[in-house]
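> got a predicted model here, sequence first, then my questions.
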Amino acid sequence: MNFLAAASVAYERNMAQLKAYKEKQTQEDAELKERMGKIKHKIAIISGKGGVGKSTVTVNLATAFAMQGKQVGILDADIHGPSVPRLLGLEGKQVKASPVGAFPIEGALGMKIMSIDFFLNEASPTIWRGPLKMRAIKQFLSEVVWGELDYLFIDLPPGTGDEPLSVAQLLPEMDGVVIVTMPTQLSSSIVKKAVTFAEHLNMRTIGVVENMSGFVCPHCGKKTEIFGSGGGEKMAKEAGVPFLGSIPIDPKVGEDTDKGTPFVLSNKDSAAAKEFMKVVAKVQEFIENKK
Ligand code: ADP
C-alpha cells in the first residue's frame, strides 16, 4: 500500500472511532438526563478545607430529610477520601451491577447511597487523575439506578478541584450548594473562595454552616469557644450569602459517627441536633422559595 492509501485507511479508522465515541457520549448524556430528571432536588455540600465536618453535615442533612418521609439519596463524590459509607455504617458493602445499571446501597430510612468506597478494598486508595475522576462522577450520575428521589445530596471533596467542576457541568439544574466551615479564621477566610467558586460555576449558594462552633460543658453547662465563634457568620455576611446556623462541638457526634449512626437520628435532643434542625429548616425554606 502506498503512503496516501495507508493515510486514508488510518483516517477512516480514526473517524469511525471518533463517531463511536461521540455516539457513546450522546447515549450517556441521554441516560444522565433521564436518571437525573427523576430526582426533584440536587444539593451539593462543599468546604474550603478538609476535616471541618462536611461529610457529617451531608449525612445528617440527608437523614433529617429522610426522617420527614422524603426519598433521599447521597452521592459520595469525594473520590480520594470517601467517608459517607463509614458515617452510615455501610463500610465494606459491595455494589450490585445489572444490565440496567449499578444499584445504590440502601442505608438507614431507605436512603440510597453511592460511593467509590463500595468498589474498593478497605486499604486501597484511589490514585486517579482528573479525567478519570470526572468520568467516575458522570457514571455515578448516569449509570446508577437512583430511581425517583425527592433529594440527592452530593458530598464533594474539600477545595475547588475537578469534582465540583464535573458536578456543576453535569448538573446545571442543581438547586445550590451548602458551604461548611469552622469558626477558625483560616477556615472562614476560605469560605469567600468557596462562594466565589460556586458563583463562577453558576451554582447558587444556599448558605454557610459553621460547624464545631463552641463546646458546651455537659457538667457545668459553660460554653467554651474552642475554635472561636462567629467567623462563619461574619464571612457569610461579607460574601453576601445566607448564614444557615452554627453546630456546637458535641462528643456524641464523634461517638455516633464511629457507630455509623447520624446524630440527628440517635441524639435528637442534643444541642448539636437542635441547632442542626435549624439549618435543615433554612435549607427547606430555600427550596420552598425556589419553587
Ligand atoms: P470532612 O468531611 O470535612 O473532612 P468529617 O465530616 O469527616 O469532615 O468530620 C471530621 C471529624 O470531626 C469526624 O470524626 C466527625 O465525627 C467529627 N465532627 C464533625 N462535626 C462534629 C461536631 N459538631 N462535634 C464533634 N465532632 C464532630
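Great, that's in hand. The model shown is predicted, which means the values in this text are computed figures rather than measured ones.
> so which residues of this structure form strands?
All strands of the chain, identified by DSSP state E, fall at 39-47, 72-76, 96-98, 101-103, 105-106, 112-115, 149-155, 176-181, 205-216, 223-224, 243-249.
> what packs against the fifth one?
Yep, that's strand 105-106 we're talking about. The contact analysis (3 or more Cβ pairs under 8 Å, 6 or more residues apart in numbering; DSSP states H and E) places strand 105-106 against strand 112-115. Just so you know, the C-beta spots here come from the backbone N, C-alpha and C atoms, and that holds for glycine as well.
> hmm, the strand it packs on touching the ligand?
No: shown here: strand 112-115 not in contact with the ligand (Cβ under 6 Å from any ligand atom), separated by at least 12.7 Å.
> picking that back up, can I get the strands of the chain in TSV with mean neighbour count and mean pLDDT?
What follows is these, written out as TSV (neighbours: other Cβ atoms under 10 Å; pLDDT from 0 to 100):
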stretch	mean neighbour count	mean pLDDT
strand 39-47	22	96
strand 72-76	26	98
strand 96-98	10	86
strand 101-103	16	93
strand 105-106	16	97
strand 112-115	26	97
strand 149-155	23	98
strand 176-181	27	94
strand 205-216	24	91
strand 223-224	12	81
strand 243-249	23	93
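> for the residue most central in space within the chain, give me its contacts.
The centroid of the chain falls nearest to D155 when counting by Cα atoms, centre = their mean (1.5 Å). Contacts here follow Cβ atoms under 8 Å, 6 or more residues apart in numbering; on that basis D155 touches 45, 54-55, 58-59, 74-78, 84.
> same thing but 6 Å
Taking Cβ atoms under 6 Å, 6 or more residues apart in numbering, we find D155 in contact with 45, 55, 58, 76, 78, 84.
> just to revisit the earlier point, nearest to L165, out of the strands of the chain?
Set against L165 and scored by Cβ to Cβ, the strands of the chain come closest in strand 39-47, at 11.6 Å.
> pretty sure V253 sits against F263.
Yes: V253 lies in contact with F263 (Cβ atoms under 6 Å); the separation is 5.0 Å.
> please identify the buried residues of stretch 274-283?
Within stretch 274-283, the residues that count as buried by 16 or more other Cβ atoms under 10 Å are 275-277, 279-280, 282-283.
> contact residues of the stretch 101-250 of the chain facing the ligand?
Proximity of the stretch 101-250 of the chain to the ligand, by Cβ under 6 Å from any ligand atom, involves residues 211-212, 247, 249-250.
> quick one, helices of the chain?
According to DSSP state H, the chain carries its helices in the segments 3-37, 54-67, 84-87, 130-142, 162-170, 185-200, 231-239, 251-259, 263-266, 271-290.
> what angle separates the first one from strand 39-47?
Right, helix 3-37. Relative orientation of helix 3-37 versus strand 39-47 (axes from the mean of the first three to the mean of the last three Cα atoms, to 10 degrees): 100 degrees.
> which strands and helices lie in contact with helix 3-37?
Counting contacts by 3 or more Cβ pairs under 6 Å, 6 or more residues apart in numbering; DSSP states H and E, helix 3-37 packs against helix 130-142.
> in this structure M203 contacts D175, no?
No: applying Cβ under 6 Å as the test, M203 and D175 come out as separate, 9.0 Å apart.
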